[in-house]
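J.: sequence plus predicted model, see below.
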Amino acid sequence: MTKQQLITMLGLKPHEEGGYFCRTYQSDQTVAIGPHAATRHLMTSIYYMLTSDRPMGYLHQNQSDIIHYYHAGSAIKYIVLYPDGQLEEKILGNKLEAGQSLQLVVKGGCWKASELISGEYGLISEAVAPGFEYSDRVIADEKTLKDKYPDAYSDIVKYVKP
């Protein structure tokens with residue numbers, strides 16, 4: 001299938017972090033989280049696709065843990081910046097013999113960015129628990145990253161949304 005066929009068939013829309021997405025699930029159950037007992041769905045899930053015309057998922061931080069599941073297309077590189085400044089690179093794809101992974105867990109509080117390595121598209125799903133809410137996410141800005149992570153800054157600045 002082409003990227004446009006997948007976008008149409010899966011009902012994907014442009015995502016403000018980059019790429020395309022569609023929410024596919026949200027639990028009917030809710031849970032209270034955080035110091036102010038905010039109510040969140042127990043879990044949410046999306047399709048997420050990076051494409052040759054939208055190849056970057058810009059650096060952002062989520063409150064909840066997220067599991068990423070590779071489905072199809074080209075491999076996707078993930079950059080994970082931990083709160084202590086440790087930087088890690090992971091590749092989601094189906095070439096296990098080359099060190100790629102079918103799943104990736106990014107813990108809440110970490111910064112992450114994704115990039116299509118090559119090809120027309122890379123398709124994944126994400127499961128978020130407690131469920132995703134836009135108010136629980138922070139999009140990175142250069143000043144914050146430079147001040148907080150000066151040692152990693154030169155390696156991550158290209159993943160900051162312009």
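T.: In hand now; what should we look at?
J.: name the helices or strands packed onto the helix or strand bottoming out on mean pLDDT in the chain?
T.: Ranked by mean pLDDT, DSSP states H and E, the weakest helix or strand in the chain is strand 30-33, scoring a mean of 89. Applying 3 or more Cβ pairs under 8 Å, 6 or more residues apart in numbering; DSSP states H and E, one finds that strand 30-33 makes contact with strand 38-41. Using the backbone N, CA and C atoms, a C-beta is placed for each residue, glycine as well.
J.: report the buried residues of the strand it packs on.
T.: Neighbour-count burial for strand 38-41 flags Arg40, His41 (criterion: 16 or more other Cβ atoms under 10 Å).
J.: which outside residues touch that strand?
T.: 26-33, 64, 130-131, 133, 136 (Cβ atoms under 8 Å, 6 or more residues apart in numbering).
J.: let's have the residues you listed in JSON lines, adding neighbour count and distance to Leu42.
T.: Compiled in JSON lines, the contacts of strand 38-41 are given as follows (neighbours: other Cβ atoms under 10 Å; distance: Cβ to Cβ, whole Å):
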{"residue": "Gln26", "neighbour count": "17", "distance to Leu42": "9"}
{"residue": "Ser27", "neighbour count": "15", "distance to Leu42": "4"}
{"residue": "Asp28", "neighbour count": "6", "distance to Leu42": "8"}
{"residue": "Gln29", "neighbour count": "10", "distance to Leu42": "4"}
{"residue": "Thr30", "neighbour count": "14", "distance to Leu42": "6"}
{"residue": "Val31", "neighbour count": "15", "distance to Leu42": "5"}
{"residue": "Ala32", "neighbour count": "10", "distance to Leu42": "11"}
{"residue": "Ile33", "neighbour count": "17", "distance to Leu42": "10"}
{"residue": "Ser64", "neighbour count": "21", "distance to Leu42": "11"}
{"residue": "Pro130", "neighbour count": "23", "distance to Leu42": "6"}
{"residue": "Gly131", "neighbour count": "23", "distance to Leu42": "6"}
{"residue": "Glu133", "neighbour count": "17", "distance to Leu42": "13"}
{"residue": "Asp136", "neighbour count": "18", "distance to Leu42": "14"}
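J.: then the least confident helix or strand of the chain to PDB, C-alphas only?
T.: What follows is strand 30-33, C-alpha atoms only, in PDB (Å, rounded to 0.1, in the frame of the first residue of the first chain):
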ATOM      1  CA  THR A  30     -10.700   6.200  34.400                       C
ATOM      2  CA  VAL A  31      -8.100   6.700  37.000                       C
ATOM      3  CA  ALA A  32      -7.100   9.800  39.100                       C
ATOM      4  CA  ILE A  33      -3.500  10.700  38.700                       C
END
